[in-house]
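Student: Kindly return the folded structure for what I paste below:
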Amino acid sequence: MTKILYRYILREITYPFILALFVATFALMMGKILQLMELVINKGVGFWNILKLILFMMPGLLLFTIPLAFLIAILMGIGRLSRDNEWTVMKNAGLSLYQLSRPVFALAVVAFVMTASMTLGMPVKFSRPARKPATATSFAALTTAGTSPPACAAACPSCGW
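Tutor: Okay, here's the model as predicted:
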């Protein structure tokens, strides 16, 4: 019986989590949409390059939206269970608060692992390709302006030149 209740509680939290994740990511993405549209209109950047840039921005956005979406999902899921008195019925049926919170903790661990992987692994993978075009254009701008980059620029692409 508890497995059925665990699945039910997970389902009540998972759907709001997915919805809140998409909405929060879209809301944070709206700040960059104008810059991306400027690239398309003024610079003639292709559709696939814009999709690559959006993909490169995703790990940074998901660092904020995964915890936010999880908080919203917990509030919506447990709030609905409480509003419909299902939470009270489960407690009166003999399940402790610890037993009822197990699926919530399991989903919290999943959200933590997703956020930790975005924090520790993904930015290194995705930020390097995103910086390459910027360093190439900054080198081009420097050479056309008559100045030269510092000697360390060839060995250190992260110095900003």
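Student: separation between residue 26 and residue 65?
Tutor: 9 Å (Cβ to Cβ, to the nearest Å). From N, CA and C alone the C-beta is placed, and that goes for glycine too.
Student: of these two, who's got more company?
Tutor: Taking other Cβ atoms under 10 Å, residue 26 and residue 65 do not tie; residue 65 has more neighbours (24 against 12).
Student: quick one: that one and residue 29 touch, right?
Tutor: No - counting by Cβ atoms under 8 Å, residue 65 sits too far from residue 29 to count as a contact (9.5 Å).
Student: Could you name every residue contacting both of those two?
Tutor: Here residue 65 and residue 29 have no joint contacts, going by Cβ atoms under 8 Å, 6 or more residues apart in numbering.
Student: which SSE is residue 56 in?
Tutor: Take DSSP states H and E as the rule and residue 56 turns out to sit in helix 47-83.
Student: buried ones in that helix?
Tutor: By neighbour count on 16 or more other Cβ atoms under 10 Å, the buried set for helix 47-83 is 52-53, 56-63, 65-70, 72-74, 76-78, 81.
Student: Check residue 34 and give its pLDDT.
Tutor: As predicted, residue 34 sits at a pLDDT of 84.
Student: count of neighbours near it?
Tutor: Other residues close to residue 34 by other Cβ under 10 Å number 9.
Student: per-domain residue ranges of the protein.
Tutor: 2-120, 128-161 (automatic domain parsing).
Student: what's the helix holding residue 56 packed up against?
Tutor: Judged by 3 or more Cβ pairs under 8 Å, 6 or more residues apart in numbering; DSSP states H and E, helix 47-83 is in contact with helix 2-38, helix 86-92, helix 97-120, helix 122-145.
Student: can you list contacts of the shortest one?
Tutor: Helix 86-92 is touched from outside by 5, 78, 81, 82, 97, 100, with contacts defined as Cβ under 8 Å, 6+ apart.
Student: how about 6 Å then?
Tutor: 81, 100 (Cβ atoms under 6 Å, 6 or more residues apart in numbering).
Student: With respect to burial, which of the domains of the chain scores highest?
Tutor: Among these, ranked by average contacts under mean count of other Cβ atoms under 10 Å, first place goes to domain 2-120 (a mean of 15).
Student: what's the offset of that domain from the middle of its chain?
Tutor: Centroid separation for domain 2-120 versus its chain: 9 Å, with Cα atoms, centre = their mean, to the nearest Å.
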